[in-house]
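J.: I need the structure of the sequence given here:
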Amino acid sequence: MIHRTHMIDAPIDEISSSLQSEHSERSLLPSFLVELSNRSMRQMNSRAFSPREVSLFAPPVEDEWTEAETGFPIDDHEDLHTIHLVPSGSCGVAAVDVSSLRIGETDTGALVAIRGAAVWRSDRGYEYVRCGPLAFHLGHGIEGVALTDSHPQPVQVLSERAINRLRNVLERWIQREICASLAGSLVLFDGSLTVGTPDNPTAHLAHTLGLARRRGNVVIAFSKSTKVCAFGKKITSLVARSAAPCLLDVDDAVTGQFKSSPVRLTGHVYVAKLVEDGFAFRVDVDRQVPQEARIESMGRLITSDVMMQGYPETLRLAHIFSTFTANDVIAVQRHLASTYGLRIAPRFSVRRSLFGPFGTGGAA
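T.: Presented below is the predicted three-dimensional model:
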């Protein structure tokens with residue numbers, strides 16, 4: 001069963017007794033990000049925008065944001081070690097995911113929205129909290145946020161990187177708060193534990209992983225797709241004939257390809273096949289956790305959570321609750337129009353103007 005949702009600025013002490021800690025006065029939604037949203041939207045007061053067109057009968061709306069990860073071939077697979085997983089004792093499981101979406105266009109930039117979700121298992125079933133959505137207007141040169149260990153720092157970011165930067169800021173913030181609040185649990189991230197890119201600095205994730213270890217938590221990241229290949233195939237194909245549940249240790253082969261790159265892998269890299277006839281995934285487990293504890297944590301995961309098609313249910317629900325539906329998009333557009341006096345303008349289409357009904361795109 002699924003229980004309870006909280007919206008913007010939900011304090012940790014209201015989420016669940018399992019999330020209470022000395023950080024209970026802090027919020028899963030950072031105040032500086034709320035202010036950044038308000039400031040960028042106030043600048044758009046009474047201006048026109050072209051809303052993104054959505055259909056109420058269409059599936060959830062998503063913009064595809066691929067993680068900055070370089071794909072390298074692995075030269076030799078003979079040393080790769082397959083590990084059979086043994087289910088072990090159950091424990092708490094929580095997951096975090098964040099979505100971002102373009103919701104409209106203006107004459108100077110784009111309107112975007114971000115929303116995060118955290119899901120955890122309790123005695124009553126699955127519970128969750130949603131943070132957002134927050135809306136931003138992003139121009140060709142906008143003020144963004146870079147996170148250090150302790151303080152947010154305003155920086156200038158390029159428009160093509162702005163959405164990813166904002167999304168990562170919210171995601172890392174929620175991840176940190178959850179890791180600092182739980183104890184003796186497994187915390188699941190979406191994506192990998194790869195850092196060192198401009199949009200994903202090393203310091204903040206390192207701080208989050210340190211908090212998790214001090215609380216006895218283990219961070220595990222699942223990648224729905226990966227560009228790392230071996231012999232012209234994705235590494236996930238290497239466990240096709242292996243009996244589940246199992247892990248394939250590809251860390252030595254993968255990290256060797258990043259020695260000359262600024263990208264760093266803060267997680268030990270495996271390929272996981274957790275159920276028969278399920279999908280295989282790249283899995284990163286906090287590198288600072290001892291090898292035995294990493295393997296044990298995967299055994300605890302398959303005992304503590306539902307593995308639908310080999311993917312943890314908590315992480316699947318976190319994705320669902322953070323994703324925008326067509327109704328969400330329309331609601332955000334209507335909210336911006338009523339709150340900031342934005343005028344909805346029809347999208348101009350040169351093709352429709354030239355070719356009439358034989359053109360494609362929005363009407364003028």
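J.: quick check: buried residues in stretch 94-109?
T.: Neighbour-count burial for stretch 94-109 flags 94-101, 103-106, 109 (criterion: 16 or more other Cβ atoms under 10 Å). Backbone N, C-alpha and C define where each C-beta goes, glycine included.
J.: helix or strand right after the helix or strand bottoming out on mean pLDDT in the chain?
T.: Within the chain, no helix or strand scores below strand 152-158, which has a mean of 43 by mean pLDDT, DSSP states H and E. Next along the chain after strand 152-158, taking DSSP states H and E as the criterion, comes helix 159-181.
J.: pull out the buried positions in that next one.
T.: 161-181.
J.: any idea how far Ile103 lies from Cys131?
T.: Applying Cβ to Cβ, to the nearest Å, the value for Ile103 to Cys131 is 17 Å.
J.: same question for Gly89.
T.: 31 Å.
J.: looking at those two, which one has more neighbours?
T.: Cys131 (27 against 9; other Cβ atoms under 10 Å).
J.: is that one in a bridge, and if so with what?
T.: Bridge pairing for Cys131 (DSSP bridges) gives the partners Gly116.
J.: and the strands in the stretch 201-350 of the chain?
T.: 218-223, 229-230, 233-234, 246-249, 264-265, 267-273, 280-286, 307-308, 311-312, 343-344 (DSSP state E, counting those that start in this stretch).
J.: most packed of those?
T.: strand 267-273 (a mean of 26; mean count of other Cβ atoms under 10 Å).
J.: rewinding a little: of all the strands of the stretch 201-350 of the chain, which one is nearest Asn200?
T.: Across the strands of the stretch 201-350 of the chain, Asn200 has its closest neighbour in strand 264-265 (10.1 Å, Cβ to Cβ).
J.: returning to that earlier point: of the strands of the stretch 201-350 of the chain, which shows the lowest average pLDDT?
T.: Note on those: lowest mean pLDDT is at strand 229-230, with a mean of 64.
J.: give me the neighbour count for the closest residue to Phe279 other than its chain neighbours.
T.: Excluding its sequence neighbours, the residue lying closest to Phe279 (Cβ to Cβ, 6 or more residues apart in numbering) is Gly310, at 4.8 Å. Using other Cβ under 10 Å, Gly310 is surrounded by 19 other residues.
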